[in-house]
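Enquirer: model this:
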Amino acid sequence: MAESAAADGRRLSLLPWALGTVDVVSFALVGVVAAHAAGVLGGLLQGLNTLAGVAVFLYLWAIFVLAARWVLSTASLADASLRALALRGVAAGGASGVAFLLGILAVTAVPQLLTSQPLSALLIVLIGTVVAAPIGALVGLVLGGVDIALYRAAGYLLPDEPRRETADGRTTPDRR
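Expert: Sure, this is the predicted structure:
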């Protein structure tokens, strides 16, 4: 039985990839719409070339897929309680926010600051981490809720799959 669980953990699943993709596209779309509504989108895009934009998007996508994979490593969207999924979503979101900030700082600000003012670089990283973690946690909570809602709605809209009853008596698609 333990070997079967270990084999399932190593098995490549499409669900984290799909959730990570939906999440990163939703996150980017909200960011673009908010920047456009604030009137700063043109200024932001002016200094960004295609290669840098694609690199940032792929980096963010990888973070979202890894976060979704971690959340789903011990919980199922069909079986787990909303509280357990929300807590894991908040933790994954906080870690993802910090990882995104550190990746962007590593590429942009830190090389310049290390050569001139290493103490300033450390201060920027510390303050940025304190800000990025709660923002990432909030994003993780919101996108986790969207993921759960979409997953469960798909389960009710696509009844052709084999169905099973969960511990709380609901019937959901068998997509493990």
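
Enquirer: alpha carbons only for contacts and neighbour counts from here, please
Expert: Noted.

Enquirer: average pLDDT across the helix of greatest length in the chain?
Expert: Ranked by number of residues, the top helix in the chain under DSSP state H is helix 118-157. Across helix 118-157, the average pLDDT comes to 87.

Enquirer: buried ones in that helix, by neighbour count?
Expert: By 16 or more other Cα atoms under 10 Å, the buried positions in helix 118-157 come out as 121, 124-125, 128-129, 132-148, 151, 155.

Enquirer: please name every helix or strand in contact with it.
Expert: Secondary-structure packing of helix 118-157 (3 or more Cα pairs under 8 Å, 6 or more residues apart in numbering; DSSP states H and E): helix 14-38, helix 82-107, helix 110-116, strand 171-173.

Enquirer: so for the one residue sitting closest to the centre of the chain, what's the pLDDT?
Expert: Geometric centre of the chain, nearest residue: Phe64, 3.1 Å, by Cα atoms, centre = their mean. pLDDT for Phe64: 94.

Enquirer: shouldn't it be in contact with Ser96?
Expert: Yes: using Cα atoms under 8 Å, Phe64 makes contact with Ser96 at a distance of 7.2 Å.

Enquirer: which residues are in contact with each of the two?
Expert: Shared contacts of Phe64 and Ser96, defined by Cα atoms under 8 Å, 6 or more residues apart in numbering, are absent.

Enquirer: if we can go back for a sec, between the longest helix of the chain and helix 82-107, how many degrees?
Expert: 140 degrees (axes from the mean of the first three to the mean of the last three Cα atoms, to 10 degrees).

Enquirer: quick one: distance of helix 118-157 to the chain centre.
Expert: 7 Å (Cα atoms, centre = their mean, to the nearest Å).

Enquirer: also stretch 101-111?
Expert: 19 Å.

Enquirer: go on, stretch 83-92?
Expert: Centroid displacement of stretch 83-92 relative to its chain, using Cα atoms, centre = their mean, is 11 Å.

Enquirer: what's the answer for stretch 39-47, then?
Expert: Centroid separation for stretch 39-47 versus its chain: 24 Å, with Cα atoms, centre = their mean.
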